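Undergrad: Okay, predicted coordinates and the sequence, questions at the end:
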Amino acid sequence: MSERRTRSGLLRIGLVMGALLVVAAFAGPMLAPYDPTAPVAARLAEPSPPGPPFWLGTDDLGRDVLSRLLWGARVSLLVGLVAMAVTMVIGTVIGLAAGYCGGAVDAVLMRGTDVMLAFPGLLLAVALVAVLRPSVWTIFVVIGLVSWTGVARVVRGETLSLRERDFVLAARAMGANHARIVVSHVLPNVAPTLVVIAALSTSGTILLDAGLSFLGIGVPPPTPTWGRMIQEASAYYRVAPWLMAFPGLAVLYAVLAFNLIAYGLAERGRPGR
Amino acid sequence: MKGRLDRRAVTPLLGLVVLASCFGDPPLAWPPRAPGSQRGGVLFLAAPDDVPTLDPALGYDSRSWMYEQHLFETLVTYDDESRLVPQLAAGWSISDDGRSYRFTLQAGVTFSDGTRLTAADAVGSLERVLDPKTRSQGAEYYRGIRGAADYAAGRSEHVTGLAAPDATTLTVALDEADPLFLHKMALLFAAVVPADYARRLGDDFTDHPIGSGPFVLREWRRGERLVLARNPRYRRNDRPFLDGIVEQSGVDSELAWLQFLSGEIDVAGIPSADFPSIRRAAAAERPGRLISGVALVTNYLGFNCAMPPFDDRRVRQALNYAVDKDDVIALLSGRGVVATSFVPPGMPGYTSATRGYPYDPERARALLREAGLGAGFATELWTQSSDLDLKIGQKVQHDLAAVGVTMTMKQLAWSSFLEAIRQPRRVPLFDLAWSADFPDPSNFLDVLFQSGRSDANNHTFYANPTFDRLLARARPLTDPAARNRAYAKAERLLVDDAPVLLLYHPITYVMLQRRVHGYALHPLLPARFTDVWLDPEPARDQGTGAGS
């Protein structure tokens, strides 16, 4: 019982953290005190430490770190959610098809998934970005393309067991066609699992996006992103550690928020235990 | 040394010892230093990459040249003010028509293996560079020697224009008068090597180089360290002061700085994060001695003049006005001067008459309106993937946005970047720097902006017949003053036509340990160690290498 309460507490904390993040992302441009791309500090090439009027300091290009963080929240959340949606759609479709159809379809789709899984995700993402042109849209697609495999496997597993359940067999006996069975009977029962994976995959994509930005192939400048902020700060880690710390903490915060939501939801989805 | 530590001392040190034996190098023995003597001691250096080659026929980068110039000598070289002075030559004479050169070599010079250096070696060295089998990028510099083409095509055994009538005389006959020929003889491609030996070794010459320079190669473990030792047979008894030079490779600039602070290396560049506070600090407070030098380099953004909208001069001028160059210098922490001309200050032919493009966004907007681009346009800046390029790119991006130009950035690795900017109509805007090979304005203006040179280095695809005519008029002039005037005239036209967005000429800053003396940055050449000496008292255990 007490563990359960802790878990639902975690869900609540996660939801509050996530809500704050959403607020920051939507209202960020209004909350941000400065233009995130404009040099506003008195001196260039010398980051100024946190303190008024720049509460989180300024970077070497004289830009306000707080403003960049708030604008960066927008990009991170947008990438996190959209790339998650792409991931979920691809993963769910392939998982449902493989699980429901079984046989040769299952074999082909799952071996394909295994092949995708065999590629290191980050390397594949780097290769894809190199081929496509870096832009926000590229990042959505690339992250979606490299992270759907986990979703597909879980969905297939769930579908395999649902396929043999009585209510599915009953629907089939009553003459429902396959599309109807999948959409009205299988999918709603996979949904609770999907929600949990979605939350987890959001934090995963936020992290992957930060990683790509850190490697210099994420959303291109002038759009401020947390990963790029960390990368640009790395030359200054000795003289201006705050430059790296704040965007690092922001990534930590966002990932933690979605992970807490995922854990909380996972516990809720198991009423018997 | 390690073996003599007693057991108790070994245990806590074990980690360090293991680390040292993984990354460190076996000790090198150096001669003991006489107390109070200016002579002796070892200079410790570190660099991120290995030296590409030590074969003077092959090296064409500053890292290779840095070490080649200590192993080999050329007939002529530059003094600290970039004036041509004799090195292996005792003197030379040039015929009135400018087509024949006669060099007299210093007598009694030997290579480091003890064999005598003769004019025949000088002939053989140049022939080796011209031989297609050597695959020397320097061959193009010597194609003007009579018979070079026949030799390169295999139609003759020797280059007819090169001769060694006696052991200390070299004569060179050229097809046409070439005002730059002495500069070409100062390039390390023209270094005198023991010709037969070098030919016999072929590609292995780089590992077993023999020259007449002040140092010899003692050890070169690729990717680990390069060690030079004093050449005991060097033609000057009073040089070099140093017993040796040890360069560790695989040390990035950040690590090199930490090694400098801990006293492990003697020379280091300063990370941009640390530079502002070091520059502000009083000389005594700094971790070492700060020296600086203006390099003969111009950093610029090149416009593709064959691609709209940059085929319109007004657009190119507008962008020049739109960028605040003072801010760019501030971003460099003051490590540069604003460029107002393409030929850098300190180069012959530099003119202060061009005013360049002061920051004037109003004027930029007006010019863009005139060109019918008042609503702005989008373009893409191609850069190499370095932090500095990205930083300056973001600054330019911000300034251009203020006049309505949306600029995105595309970062590439160096080789793909070079490949891309050579393609016509592919790259609209690119970030590049050009540094002088020899002190002559043609090295900037002819090489980069002459029309029809797009196969080589005219990446802006700039083509202006008037400009070409001015170059053609300046090129054959031998009188320095007239030559510089003629080039300055071409330069004024060039700056007005603006095929590039002029940014800055970098200033190099280097930190030295206080024990190091005589180390100077040269505008044209990599740093030279022949005159470097160390404070007499030994600052460290001379018996071991840097890493142990």
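TA: Right, received. Where do you want to start? Numbering: from 1, shown residues only, chains lettered A, B, ... in the order given.
Undergrad: Quick check, B:W65 in contact with B:L525.
TA: Yes - contact status for B:W65 versus B:L525: in contact at 6.9 Å, counting by CB atoms under 8 Å. (C-beta placed from N, C-alpha, C; glycine too.)
Undergrad: what do these two both touch?
TA: Shared contacts of B:W65 and B:L525 (CB atoms under 8 Å, 6 or more residues apart in numbering or on different chains): none.
Undergrad: okay, B:L58: pLDDT?
TA: The model reports B:L58 with a pLDDT of 91.
Undergrad: For burial, what's the neighbour tally of it?
TA: By the criterion of other CB atoms under 10 Å in any protein chain shown, B:L58 has 21 neighbours.
Undergrad: ok, it - contacts?
TA: B:S64, B:T134, B:R135, B:S136, B:Q137, B:T206.
Undergrad: Dump these to a markdown table, plus secondary structure and distance to chain A.
TA: Output for the contacts of B:L58, formatted as a markdown table (DSSP: H, G, I helix; E, B strand; the rest coil; distance: CB to the nearest CB, whole Å):
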| residue | secondary structure | distance to chain A |
| --- | --- | --- |
| B:S64 | helix | 27 |
| B:T134 | helix | 36 |
| B:R135 | coil | 31 |
| B:S136 | coil | 34 |
| B:Q137 | helix | 29 |
| B:T206 | helix | 34 |
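Undergrad: Check those residues for burial and list the buried ones.
TA: For the contacts of B:L58, a burial check counting by 16 or more other CB atoms under 10 Å in any protein chain shown picks out B:S64, B:T134, B:S136, B:T206.
Undergrad: Among the residues you listed, which one lies nearest to B:S95?
TA: Among the buried ones among the contacts of B:L58, B:S136 lies closest to B:S95 (CB to CB), at 27.1 Å.
Undergrad: Mind listing what's buried along stretch B:346-361?
TA: For stretch B:346-361, burial by neighbour count (16+ other CB under 10 Å) applies to B:G346, B:M347, B:P348, B:G349, B:Y350, B:T351, B:T354, B:Y357, B:Y359, B:P361.
Undergrad: pLDDT (mean, whole number) over it?
TA: On average, stretch B:346-361 scores 87.
Undergrad: ditto for stretch A:134-142
TA: The pLDDT scores in stretch A:134-142 average 84.
Undergrad: Just the C-alpha atoms of it, please, in CSV.
TA: Taking Å, rounded to 0.1, in the frame of the first residue of the first chain, the C-alpha atoms of stretch A:134-142 are listed here in CSV:
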residue,chain,number,x,y,z
PRO,A,134,19.1,19.8,-40.5
SER,A,135,15.9,21.4,-39.5
VAL,A,136,13.2,21.0,-36.9
TRP,A,137,11.3,18.7,-39.3
THR,A,138,14.3,16.6,-40.0
ILE,A,139,14.8,16.1,-36.3
PHE,A,140,11.1,15.0,-35.8
VAL,A,141,11.4,12.4,-38.5
VAL,A,142,14.9,11.2,-37.6
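Undergrad: after the host helix or strand of B:Y67 comes which helix or strand?
TA: Element membership for B:Y67 (DSSP states H and E) is helix B:62-71. Next in sequence after helix B:62-71, counting helices and strands by DSSP H and E, comes strand B:76-78.
Undergrad: quick one: the helices in the stretch 151-273 of chain A?
TA: Along the stretch 151-273 of chain A, the stretches classed as helices by DSSP state H, counting those that start in this stretch are A:166-173, A:178-180, A:187-214, A:226-233, A:242-268.
Undergrad: which of the residues in stretch B:78-98 are buried?
TA: B:Y78, B:S82, B:L84, B:P86, B:Q87, B:L88, B:A89, B:W92.
Undergrad: Around chain B, which positions in the stretch 51-200 of chain A sit nearby?
TA: Within the stretch 51-200 of chain A, the residues that sit near chain B (CB under 8 Å from any CB of the partner chain) are A:D60, A:L61.
Undergrad: Now the stretch 51-200 of chain A against chain B: closest residue?
TA: Nearest residue of the stretch 51-200 of chain A to chain B, counting by CB to the nearest CB: A:L61, 6.1 Å away.
Undergrad: chain center to the lengthiest helix in chain A, what's the gap?
TA: In chain A, taking DSSP state H as the definition, the longest helix is helix A:65-101. Centre-to-centre, helix A:65-101 and its host chain are 5 Å apart (CA atoms, centre = their mean, to the nearest Å).
Undergrad: Mind checking what helix or strand follows it in sequence?
TA: Following helix A:65-101 in sequence, per DSSP H and E, is helix A:103-118.
Undergrad: hmm, who's touching whatever helix or strand B:L418 lives in?
TA: Element membership of B:L418 [criterion: DSSP H and E] is helix B:414-422. Applying CB under 8 Å, 6+ apart, the external contacts of helix B:414-422 come out as B:G302, B:W382, B:T383, B:Q384, B:L412, B:R426, B:V427, B:F430, B:L432, B:S454, B:D455, B:H459.
Undergrad: what helices or strands is the helix or strand that it is followed by leaning on?
TA: Following helix B:414-422 in sequence order, the next helix or strand is strand B:429-435 (DSSP H and E). In terms of contacts (3 or more CB pairs under 8 Å, 6 or more residues apart in numbering or on different chains; DSSP states H and E), strand B:429-435 is packed against strand B:297-303, strand B:377-384, helix B:387-401, helix B:414-422, helix B:442-449.
Undergrad: partners of strand B:429-435 in the sheet?
TA: strand B:297-303 (antiparallel), strand B:377-384 (parallel) (DSSP bridges).
Undergrad: ok, and for it, which residues are buried?
TA: Neighbour-count burial for strand B:429-435 flags B:L429, B:F430, B:D431, B:L432, B:W434, B:S435 (criterion: 16+ other CB under 10 Å).
Undergrad: ok, the fifth one - contacts?
TA: Yep, that's B:W434 we're talking about. B:V297, B:T298, B:Y300, B:F444, B:V447, B:L448, B:N457.
Undergrad: what do you get for the third one?
TA: Counting by CB under 8 Å, 6+ apart, B:D431 makes contact with B:N299, B:L301, B:G302, B:L381, B:W382, B:T383, B:Q384, B:D389, B:I392, B:G393.
Undergrad: Over to the fourth one?
TA: In this structure, B:L432 makes contact with B:N299, B:Y300, B:L301, B:G302, B:I421, B:H459, judged by CB under 8 Å, 6+ apart.
Undergrad: What is the nearest of those residues to A:N259?
TA: Nearest to A:N259 among those: B:L301, at 44.4 Å, using CB to CB.
Undergrad: Near the closest one, how many other residues are there?
TA: Using other CB under 10 Å, B:L301 is surrounded by 24 other residues.
Undergrad: my read: it touches B:L429, true?
TA: Yes - contact criterion CB under 8 Å: B:L301 and B:L429 qualify, at 5.8 Å.
Undergrad: Please tabulate the contacts of B:D431 in CSV, including the columns pLDDT and distance to A:V82.
TA: CSV is the format used below for these (pLDDT from 0 to 100; distance: CB to CB, whole Å):
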residue, pLDDT, distance to A:V82
B:N299, 94, 39
B:L301, 96, 34
B:G302, 95, 37
B:L381, 95, 27
B:W382, 93, 28
B:T383, 90, 28
B:Q384, 83, 31
B:D389, 86, 30
B:I392, 92, 32
B:G393, 93, 27
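Undergrad: ok, so what distance separates the spatially most central residue of chain B from B:E419?
TA: In chain B, the C-alpha nearest the mean C-alpha coordinate belongs to B:S62, at 4.1 Å (CA atoms, centre = their mean). Per CB to CB, to the nearest Å, B:S62 is found 21 Å from B:E419.
Undergrad: where are the low-confidence patches of chain A?
TA: Within chain A, the stretches with pLDDT under 70 are A:1-7, A:269-273.
Undergrad: residue contacts, the most centrally placed residue in it?
TA: By CA atoms, centre = their mean, chain A has its centre lying nearest to A:T202, at 2.4 Å. Listed by CB under 8 Å, 6+ apart, the contact set of A:T202 reads A:G80, A:L81, A:M84, A:F258.
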